[in-house]
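In: turn this into a model:
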Amino acid sequence: MKSMYAVVGQMLISASNYAIFMLLARLLSVSDFIAFSTAVGLNMLAYAIAEGGVSYVAPQELARDNVDTSALAGAFVSIVVTLYVITMIVGFFIWNSFSKDGLNGFWVLAYAIYFIPGLLLPVWITCWSINLFGIITLAVLRLGMVVTLYFYPYANTLIGTGFVFLVFTIVFIMWLNRYTIIISWATKSTLRMAFSYLQKVFLAKTLSYAAYALAPLIIGVVHGNVLASNYVIGERMKSLYTTVFQPVTQTLYLWQVQSTISKLYKRILFFGLNIINIIVCVSLLVAIDMGFLKLLGERFVEVENIDVYALAAFFSVATSLLLYFQVFPLGKYKYFRRATIIQMLTFIVLYIAFAVYPWILPAYVLFIAEVVIFIVICIDLTIDYKKSIV
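Out: Model prediction:
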C-alpha cells in the first residue's frame, strides 16, 4: 500500500506541474509564455541529466539490508539536486550564447526554484513511510499552488510557491522519518556507493535522455524560441500521456522489488497494460481529429503534427512497460544500455538532418527516436527468449 501511496504522491507533483503548464499556456501573453515554456525546455534537459537512471537503480539498492539505506538515499538525492543545478546554469549560458533568442533568466530561475523541492521527494524514498494522511496533505498543498498561480500568473508567484513547497518538503521529510530514518545526510562512503551503483545505467540513461531533452535547446538555436516553445507544448502533451501510466508501472516495479509476484500474474498485467496503451492512443488520435484539443487551449491547436507526439507517447509507454516488466526486475541492464546508446546516436543523426533540412519537423525527430529504442529492446528480448528455449 505504501508503494501505491508513494506513486500517487509523485503523480500529484507531476500532475500539478502539467496543470500549471496548461494554465499558464492560457493566461500568459505570447512573449511571457515563450519565456516560460523555453525555461521548461531547459528544465527538461537538467532533469534528464540529473536523474541519470536513479529511479531505475535506487529502489533495488535501498531494499538491501547490508547498507546504511538512509544515508544512501541522501546520497542519491544529493547527486540528483547537484547535477540539476549545474546543468541549469551551464545550459542557460550555452543556450544564450548560441541562440538568436536568449532565454529569460528570471523565468529560468523562477521555474528552477519551483521545481527543485520536488526532487527531494522521489517515489523510491517516500514508498517506505508515506501514508494516506501524507498524500492528502501533499494534495492540498499542490492544489493550493495551482490555484495561486491561476489568480497570480507571474514568475514571482512561481518563486513564492517554490519556497513554500521547499519548507513543506523539509517538514514532510522529517515526518517521513518519524518511525524509521529513511533519508539522512549522505556520507563520503554512501556517495561513492551511489556513484558505483549508478554506473550500471547512468551513462546510457543520461546520454540518451539528454539527447532527447536537448531538443528545445537545439530547436531554439537553429530556428528560434517560437518553434522551441511549440515543441515543448507537444512534448508536454506526450509526457502527460506517459504520466497516465506512471502510477501503475512504478507501483508494480516497486512491488516486484519489495515482494514476489507470480509470473502468470505479471504476464497478465503486462499484456493488459499494453492493450490499454493501444486503446488510449487510438482514443487520443480520434480526439485530436475531432478537435477536442481546443479544450486544452489554442496553443495546443497551433502545434504542427501534434498527432505525431501522441504516437511517440504510445511507443514511449510501450518501451517503459518492457523495461519495468522484462528488463530491470531481472537485472538485464545491458539491453537498456545498448538500446539507449542506439537511440542517442539516432537523435544525433536526426538533429544534424534537422539543422540542414528545415522541412524536417521536431515531432518526427521525437517519434523516430522513440520507435528506435522500442525496436532495439524488442530485438534483444526476442534473442534472449530464443536462447532460453534452446
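
In: just the strands in the stretch 201-350 of the chain please.
Out: With DSSP state E, counting those that start in this stretch, there are no strands along the stretch 201-350 of the chain.

In: where does pLDDT dip in it?
Out: Applying pLDDT under 70 to the stretch 201-350 of the chain flags the ranges 201-208, 247, 250-251, 254-262.

In: what are the phi and psi values at Thr180?
Out: phi -130, psi 140 (degrees, to the nearest 10).

In: pLDDT score for the residue nearest to it when sequence neighbours are not counted?
Out: Closest residue to Thr180 apart from its sequence neighbours, by C-beta to C-beta, 6 or more residues apart in numbering: Ser129 at 6.8 Å. To be clear about C-beta, it is placed using only N, CA and C from the backbone, and glycine gets the same treatment. For Ser129, the pLDDT comes out at 78.

In: just say helix, strand or coil for Ser129.
Out: Under DSSP: H, G, I helix; E, B strand; the rest coil, Ser129 falls in the coil class.

In: measure it to Leu176 for me?
Out: Using C-beta to C-beta, to the nearest Å, Ser129 is found at 4 Å from Leu176.

In: overlap of the contact sets of these two?
Out: By C-beta atoms under 8 Å, 6 or more residues apart in numbering, Ser129 and Leu176 have these common neighbours: Ile182.

In: just to check, Arg236 is in contact with Leu24?
Out: No - checked against C-beta atoms under 8 Å, the pair Arg236 and Leu24 is beyond contact range at 11.1 Å.

In: now do the same contact list for Asp101.
Out: Asp101 sits in contact with 34, 220, 224-226, where contact means C-beta under 8 Å, 6+ apart.

In: which SS state does it fall under?
Out: coil.

In: now do it, the pLDDT please.
Out: 78.

In: contacting residues around Val81?
Out: Val81 sits next to 50, 116, 119-120 when contact means C-beta under 8 Å, 6+ apart.

In: hang on, Ala46 packs against Val90?
Out: No - taking contacts as C-beta under 8 Å, Ala46 lies outside contact range of Val90: 9.0 Å.

In: higher neighbour count, these two?
Out: Ala46 (26 against 13; other C-beta atoms under 10 Å).

In: over to the more buried one: give its phi and psi.
Out: phi -60, psi -40.

In: for Asn104, same thing?
Out: Dihedral angles for Asn104 - degrees, to the nearest 10 - are phi -80, psi 110.

In: name the nearest residue to it, ignoring sequence neighbours.
Out: Ala35 is the one closest to Asn104 (C-beta to C-beta, 6+ apart), at 3.7 Å.

In: where does that neighbour sit, in terms of helix or strand?
Out: Per DSSP states H and E, Ala35 falls inside helix 30-51.

In: ditto for Ile379
Out: Using DSSP H and E, Ile379 falls in helix 362-388.

In: tell me which other helices or strands that helix touches.
Out: helix 202-213, helix 215-223, helix 225-258, helix 306-322, helix 333-356 (3 or more C-beta pairs under 8 Å, 6 or more residues apart in numbering; DSSP states H and E).

In: for the shortest one, packing partners?
Out: The reference is to helix 215-223. Helices and strands touching helix 215-223, by 3+ C-beta pairs under 8 Å, 6+ apart, are helix 30-51, helix 69-98, helix 225-258, helix 333-356, helix 362-388.

In: contacts for that helix?
Out: Contacts for helix 215-223 (C-beta under 8 Å, 6+ apart): 38, 41-42, 44-45, 91, 94-95, 98-101, 227-228, 231-232, 235, 351, 354-355, 358, 362, 365-366.

In: what about it, distance to the chain center?
Out: Counting by C-alpha atoms, centre = their mean, to the nearest Å, helix 215-223 is centred 20 Å from the centre of its parent chain.

In: before we move on, back to that, in the helix holding Ile379, which residues are buried?
Out: The neighbour-count check on helix 362-388 (16 or more other C-beta atoms under 10 Å) flags 362-363, 365-374, 376-377, 380 as buried.

In: on that earlier part again, can you get me a residue count around the residue nearest to Asn104?
Out: Neighbours of Ala35 using other C-beta under 10 Å come to 24.
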